[in-house]
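# Here's my sequence, what's the structure:
(one chain, ligands or ions: 2)
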Amino acid sequence: MEQLRQLVAGKLSVALPATVTFHRPADARTSPSDLPTLDSVDMIKTEREVALLVSGKKVHPVPGPTGGIPFIGGYSEIYPDFMGNYDRLLRKYGHMVHVSYLGKSVYLTDDPDCAGVVLSEGEFYSKQIGENHPLFPFKMTLPNGLFTTDTSNPTWPISHKFMMTAMGVKAMRNYVRGMDHTAGQLVQRFNELLERGQTIEGFPWALRTAAQTIGEVAVGIDFKMLDSTESSIADIFRLINRNLEAAQSLFRKGRIYRAFPNPERREQRATGDQMVREAAQMERILRESKTEDMPYHQAAVSTTSLLDYMLHATDEEGRKMDVELVHETVITFLIAGQVTSSSALAWLWFCLATFPVQARKLYASLVAAGLTREKEITADELSKLDYLDWFIKEMQRLYNPAFQPTREAQKDVVMPGGFIVPKGSQVTVALHSVMVNPEHWKDPLRFDPDRWGTEEVRKRHKYAYIPFAAGGRSCIGFNFALQELKLLLARTVLNFQIENTTEGSVIYDPEFSLYRPLNFTMRLRKQTDPAEVRMDEETGPKKEELKIEAPTPVVGSKSLPRFWAVHASNNGTCEGMAGDAAAKARQLGFTDVQVVALRDSPLAEAKATAAVAAAPNFFVICVATYNGEPSDSALAFSEMLDAEMRSGNEARFAGINFCVFGAGNTQWGPTFQAFVSFFPEGDSTIS
Ligand code: HEM
Ligand SMILES: Cc1cc2nc3c(=O)[nH]c(=O)nc-3n(C[C@H](O)[C@H](O)[C@H](O)COP(=O)(O)O)c2cc1C
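Residues are numbered from 1 along each chain as shown. Ligands and ions are numbered 1, 2, ... in the order given. Predicted coordinates:
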């Protein structure tokens with residue numbers, strides 16, 4: 001049977017042969033689960049026709065939302081809240097979803113089996129960065145970069161081979177001391193800020209720290225970004241960030257926009273060229289160094305930086321990396337090492353603030369292992385700290401910076417679940433959705449580092465936890481990232497407790513290709529004395545404390561106004577409309593959204609109206625008409641409006657931006673939606 005399955009799967013392009021089952025056919029109305037199974041070759045031989053199912057299902061196209069505005073299509077199904085929308089779509093349609101928008105076609109999955117297939121480079125899928133791939137604009141800057149190039153580009157295996165060795169565990173141990181030095185500098189700066197009682201902007205500080213670390217490791221330069229609380233980001237990292245933002249904007253705006261001259265493309269070219277010039281300059285300086293050429297395994301543990309390694313490592317045939325390839329690879333590492341780790345560090349601080357009980361347990365575990373504020377931390381010590389490892393794992397499961405590795409289908413392929421994915425499709429593994437998939441994670445939204453010590457999690461599906469992706473194009477820097485994050489987290493916890501001082505909810509940045517907390521601010525307190533810490537039952541989180549779900553940051557732009565969805569309903573239709581409008585507003589990036597009845601809204605009372613009018617605001621008012629009159633619930637409001645109009649007081653609504661949606665019934669011809677016209681027109685819109 002195994003052989004037959006392999007053979008059939010091979011012929012029909014079924015990705016996982018084990019998902020194929022054989023059945024006696026019946027008529028089309030019979031549900032797949034009622035088809036009799038043929039589970040031996042002998043049974044199959046006696047049949048004239050055999051039905052095949054994949055994962056117990058008939059093969060079928062990938063479902064997804066249809067309709068929407070022509071051409072724009074499902075844009076608002078995805079943007080701007082990628083994270084929330086990926087989750088929502090996958091829970092609604094099943095484990096694969098297809099969305100089309102702006103001429104793009106996107107397939108998403110949250111299923112570990114599908115993720116395993118998509119991320120395995122080979123017959124079915126490969127990293128080919130075509131125009132619809134999220135990395136396409138980045139590839140315009142770095143066509144041969146290890147991260148941004150196609151697997152089929154002949155330069156990829158070369159840089160991959162060299163850099164895999166340079167990023168191995170052994171090689172990373174060389175960098176522990178430097179990383180701990182950076183962590184020490186960060187602690188000094190944080191102490192200064194603590195003494196001044198200043199709040200700290202999480203992400204910018206995480207960015208400086210990650211940039212400082214990767215700068216030293218990648219090019220051996222101390223960029224002095226943590227020398228004082230006033231030091232700023234070095235120019236090369238500014239360039240990188242400008243370049244990335246331009247690329248991200250180009251991706252969002254789509255192919256047609258990119259085809260015309262546009263400011264982002266100009267910015268991208270200018271910053272890209274400048275980055276290459278800077279890399280070339282660093283390369284020329286290092287070329288003069290005393291390092292001899294040597295075999296790459298040896299070079300990985302004895303060169304002074306990744307750039308030094310690239311210039312002096314030779315492979316089995318004595319070949320070295322090409323100089324242009326070295327430039328692109330250095331930039332790739334400066335980018336990849338900074339953007340991801342900085343977001344991860346900011347989320348770690350966020351987790352310390354959000355989960356104080358788990359933070360306390362982490363501190364106790366470090367003290368119990370003999371770590372102190374003064375003593376250097378060694379690679380050996382780091383590798384033995386379970387709770388530290390689990391804390392980071394839990395952060396990555398819930399808040400992983402990378403969220404959408406994407407691969408191209410190399411042929412039509414039948415996926416686990418019976419979904420057919422056509423050749424050329426771009427399939428995105430929605431990493432967050434995989435890692436909170438309730439079929440694979442118990443209480444998926446709870447932040448519970450201890451789950452990593454359980455048998456259940458140890459025996460999890462191989463692809464249920466994939467923060468660094470998987471397969472041939474997975475993260476080459478994960479040893480580096482984990483070592484760096486462990487050091488920085490340990491140093492933070494040994495020295496400080498963190499309090500979240502963000503105003504309102506923490507929002508993530510919808511404009512960027514990584515998940516990062518834009519507005520997270522924090523205040524530090526000195527950590528308690530190690531002598532007061534006990535590592536016992538008391539220290540760990542109690543059951544009820546674990547019940548708190550990890551907050552889901554909302555997408556957001558602080559620049560959008562406060563949104564009010566107002567209803568004046570008798571029988572619930574308008575209340576429903578207001579609820580829908582509010583949900584859409586959240587999906588579109590409004591972070592401050594209120595749903596309220598018209599009679600309780602700030603519009604009903606003069607002082608309250610003036611107070612909301614003073615700040616940016618937008619009201620969507622959903623009202624119904626009954627017999628040409630206000631609904632009962634709008635009566636008082638309507639009388640107030642009449643009174644204000646009679647006294648010439650329209651100005652009371654100055655500064656209020658609103659639109660009115662009338663619910664009504666055309667059978668009431670002459671008074672159809674009549675109540676809408678009760679609203680003053682002024683400068684505002686009535687629709
Ligand atoms: C928490 C931190 C990090 C996360 C979550 C992360 C995640 C990932 C993911 C998901 C990919 C696959 C991307 C794709 O399929 O399109 C990737 C690739 C890569 N990462 Fe990381 N990464 C992290 C840190 C780093 C660091 C610190 C470095 C370098 C020092 C690095 C270097 C790279 C490179 C070079 C690739 C491309 C490898 C290839 O395509 O062959 N990453 N990373
Ligand atoms: C008794 C009655 C009178 C109505 N009069 C009107 C009317 O004059 N004009 C109109 O456009 N719709 C009229 N409608 C339709 C309602 O406005 C419509 O059903 C609306 O969706 C109700 O909203 P609600 O459920 O939020 O109260 C009337 C409905 C009823 C039951």
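# mind listing the strands in the stretch 201-350 of the chain by residue range?
Shown for the stretch 201-350 of the chain, the strands assigned by DSSP state E, counting those that start in this stretch span residues 294-295, 313-314.
# which one of those strands lies closest to residue 143?
Closest to residue 143 of the strands of the stretch 201-350 of the chain is strand 313-314 (Cβ to Cβ; 22.7 Å). No exception for glycine: its C-beta is placed from N, CA and C like everyone else's.
# In contact with the closest residue to residue 33 other than its chain neighbours, which residues?
Nearest residue to residue 33, sequence neighbours excluded (Cβ to Cβ, 6 or more residues apart in numbering): residue 56, at 6.7 Å. Counting by Cβ atoms under 8 Å, 6 or more residues apart in numbering, residue 56 touches 21, 32, 33, 418.
# Just the buried ones among these, please.
Listed as buried from the contacts of residue 56 are 21, 32, 418; burial here means 16 or more other Cβ atoms under 10 Å.
# where's the dip in pLDDT among these?
Note: of those, the lowest pLDDT belongs to residue 32, at 92.
# what's the neighbour count on whatever residue of the stretch 351-500 of the chain ends up closest to ligand 2?
Closest approach between the stretch 351-500 of the chain and ligand 2, counting by Cβ to the nearest ligand atom: residue 445, at 34.0 Å. Counted with other Cβ atoms under 10 Å, residues neighbouring residue 445 total 15.
# got it, and residue 170?
Using other Cβ under 10 Å, residue 170 has 12 neighbouring residues.
# low pLDDT regions in the stretch 51-200 of the chain?
Residues of the stretch 51-200 of the chain meeting the criterion pLDDT under 70: 67-73.
# element containing residue 44, please.
helix 41-45 (DSSP states H and E).
# Can you list the buried residues in that helix?
Neighbour counts over helix 41-45 (16+ other Cβ under 10 Å) mark no residue as buried.
# Extract the C-alpha trace of it and format it as PDB.
Included here for helix 41-45 are C-alpha records, laid out as PDB according to Å, rounded to 0.1, in the frame of the first residue of the first chain:
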ATOM      1  CA  VAL A  41      -4.000  -3.700  -2.800                       C
ATOM      2  CA  ASP A  42      -6.200  -6.800  -3.200                       C
ATOM      3  CA  MET A  43      -9.400  -4.900  -2.500                       C
ATOM      4  CA  ILE A  44      -8.300  -2.200  -4.900                       C
ATOM      5  CA  LYS A  45      -7.500  -4.700  -7.700                       C
END
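# about what we covered before: the residue of the stretch 351-500 of the chain closest to ligand 2 and ligand 1: what is the separation?
Here the criterion is Cβ to the nearest ligand atom, to the nearest Å. By it, residue 445 lies 19 Å from ligand 1.
# Tell me what the nearest residue in space to that residue that is not next to it in sequence is bridged to.
Closest residue to residue 445 apart from its sequence neighbours, by Cβ to Cβ, 6+ apart: residue 549 at 4.2 Å. Per DSSP bridges, the residues bridged to residue 549 are residue 446.
# Which pLDDT value does the model give residue 549?
Per-residue pLDDT puts residue 549 at 72.
# That one: how many residues sit nearby?
Neighbour count of residue 549, defined by other Cβ under 10 Å: 12.
# surely it meets residue 436?
No - Residue 549 sits out of contact with residue 436 when judged by Cβ atoms under 8 Å, with a separation of 10.5 Å.
# quick one: the helix holding residue 44 to chain centroid distance?
Distance of helix 41-45 from the chain centroid (Cα atoms, centre = their mean, to the nearest Å) equals 49 Å.
# can you list contacts of that helix?
Contacts for helix 41-45 (Cβ under 8 Å, 6+ apart): 1, 4, 22, 38, 50.
# how about 6 Å then?
Residues outside helix 41-45 that contact it (Cβ atoms under 6 Å, 6 or more residues apart in numbering) are 22, 38, 50.
# now swap in stretch 670-684 and tell me
Stretch 670-684 is contacted from outside by 623, 625, 628, 630, 638, 641, 650, 658, 660, 662, 664, 666, 686, using Cβ under 6 Å, 6+ apart.
# what about that stretch, distance to the chain center?
What separates the centre of stretch 670-684 from the centre of its chain is 43 Å, taken as Cα atoms, centre = their mean.
# and that stretch, which residues are buried?
Of all the residues in stretch 670-684, those buried under the rule 16+ other Cβ under 10 Å are 673, 674, 675, 676, 678, 679, 680.
# Restricting to C-alpha, output it in PDB.
Provided in PDB are the C-alpha atoms of stretch 670-684 (Å, rounded to 0.1, in the frame of the first residue of the first chain):
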ATOM      1  CA  PRO A 670     -42.200  59.600   0.400                       C
ATOM      2  CA  THR A 671     -40.500  59.200   3.800                       C
ATOM      3  CA  PHE A 672     -37.700  56.800   2.700                       C
ATOM      4  CA  GLN A 673     -34.800  57.400   5.100                       C
ATOM      5  CA  ALA A 674     -36.300  60.700   6.100                       C
ATOM      6  CA  PHE A 675     -34.600  61.000   9.400                       C
ATOM      7  CA  VAL A 676     -31.200  61.400   7.700                       C
ATOM      8  CA  SER A 677     -32.200  64.800   6.500                       C
ATOM      9  CA  PHE A 678     -32.800  66.000  10.100                       C
ATOM     10  CA  PHE A 679     -29.000  66.300  10.500                       C
ATOM     11  CA  PRO A 680     -27.500  69.700   9.900                       C
ATOM     12  CA  GLU A 681     -25.400  69.900   6.700                       C
ATOM     13  CA  GLY A 682     -22.900  72.700   7.300                       C
ATOM     14  CA  ASP A 683     -19.500  71.700   6.200                       C
ATOM     15  CA  SER A 684     -20.100  68.000   6.900                       C
END
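# That stretch and ligand 2, any residue contact?
Yes - residues of stretch 670-684 are located near ligand 2 by Cβ under 6 Å from any ligand atom, namely 671, 672, 673, 674.
# returning to what we had before: return the member of the contacts of residue 56 nearest to ligand 1.
Of all those, the one with the least separation from ligand 1 (Cβ to the nearest ligand atom) is residue 418, at 25.3 Å.
# Once you drop chain neighbours, what's closest to that closest one?
residue 57 (3.7 Å).
# For that neighbour, what are phi and psi?
Reported as degrees, to the nearest 10, the phi and psi values for residue 57 are phi -130, psi 160.
# next one: residue 466
phi -140, psi 60.
# For residue 283, the count of nearby residues, please.
Residues contacting residue 283 under the criterion other Cβ under 10 Å number 17.
# So for it, what's the pLDDT?
Per-residue pLDDT puts residue 283 at 90.
# Is there a neighbour count for the nearest residue to it once chain neighbours are set aside? I'd like the number.
Spatial nearest neighbour of residue 283, excluding adjacent residues (Cβ to Cβ, 6+ apart): residue 326 at 6.0 Å. By the criterion of other Cβ under 10 Å, residue 326 has 24 neighbours.
# For residue 579, grab phi and psi.
With angles defined as degrees, to the nearest 10, residue 579 sits at phi -60, psi -40.
# How many residues are close by it?
By the criterion of other Cβ under 10 Å, residue 579 has 15 neighbours.
# nearest residue to it other than its sequence neighbours?
Leaving out its chain neighbours, the residue that sits closest to residue 579 by Cβ to Cβ, 6+ apart is residue 595, at 6.0 Å.
# For residue 586, pull up the helix or strand it's in.
Element membership for residue 586, per DSSP H and E: helix 573-587.
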